[in-house]
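**Q** Provided below for reference: sequence and predicted model.
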Amino acid sequence: MLTAMPLPDWAGHWRPAWVALVLIYWCLAVPEQVGMMVGWAMGVLLDVLGGGVLGGNALGLALVAFIAANYHQRIRIVPLGQQAIMIGALLWFYLALGFAARTMMGHSPGLLDTSLPIVTSVVLWPWLFIILRDLRRWAHLG
């Protein structure tokens, strides 16, 4: 819902990568249940929602889910501040793939449209992690 919510023109560039952040959290929390297939499905839904190149977000989210699920033990043991930097690197990878796909299709997005969501996502990661962790514990989801 947060990805589809309309924002003012000035705030659109700062929209965090909500879908990727939530996917990364669940890949870290329950990697045996959430992985590449969930990332692919979320990416296809995001492609349909955004009207972009079908498969662009799907490929990026599937690769991000693969990396997060495979390195979940290494990422989970570091403090939240360092986790945020690691998550920023994953998001940079995901958004760079999307940037390349849109550029190849002739829709050259600005570099700010690609880099500003990383900044807001890294800043929001510790709070999102804590909220989703507490929600998972409250609901006994694993």
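**A** Alright, I've got the coordinates.
**Q** pretty sure Leu49 is touching Met1, no?
**A** No. Taking CB atoms under 8 Å as the definition, Leu49 is not a contact partner of Met1, at 10.7 Å. Heads up, the C-betas are built off the backbone N, CA and C, glycines and all.
**Q** Which of those two has more residues huddled nearby?
**A** More neighbours surround Leu49 than the other of Leu49 and Met1, with 12 against 5 (other CB atoms under 10 Å).
**Q** Could you name the specific helix or strand carrying that one?
**A** helix 36-50 (DSSP states H and E).
**Q** what does Leu91 give?
**A** Applying DSSP H and E, one finds Leu91 within helix 80-104.
**Q** how near is Ser107 to Gly51?
**A** One thing to correct before we go on: residue 107 is His, not Ser. The gap separating His107 from Gly51 is 11 Å, by CB to CB, to the nearest Å.
**Q** neighbour count winner among those two?
**A** Per other CB under 10 Å, whichever of His107 and Gly51 has more neighbours is His107, with 10 against 7.
**Q** Listing request: residues of this protein with sub-threshold pLDDT.
**A** Low-confidence segments of the chain, defined by pLDDT under 70, span residues 109, 142.
**Q** Longest helix in it, please.
**A** Identified as the longest helix of the chain according to DSSP state H is helix 111-139.
**Q** buried ones in that helix?
**A** Across helix 111-139, burial judged by 16 or more other CB atoms under 10 Å covers 113-114, 116-118, 120-122, 124-125, 128-129, 132.
**Q** Distance to Trp26 for the residues you listed - can I get that in a markdown table?
**A** Compiled in a markdown table, the buried residues of helix 111-139 are given as follows (distance: CB to CB, whole Å):
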| residue | distance to Trp26 |
| --- | --- |
| Asp113 | 26 |
| Thr114 | 24 |
| Leu116 | 24 |
| Pro117 | 19 |
| Ile118 | 20 |
| Thr120 | 20 |
| Ser121 | 15 |
| Val122 | 18 |
| Leu124 | 16 |
| Trp125 | 14 |
| Leu128 | 11 |
| Phe129 | 11 |
| Leu132 | 8 |
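**Q** Alright, that wraps it up for me.
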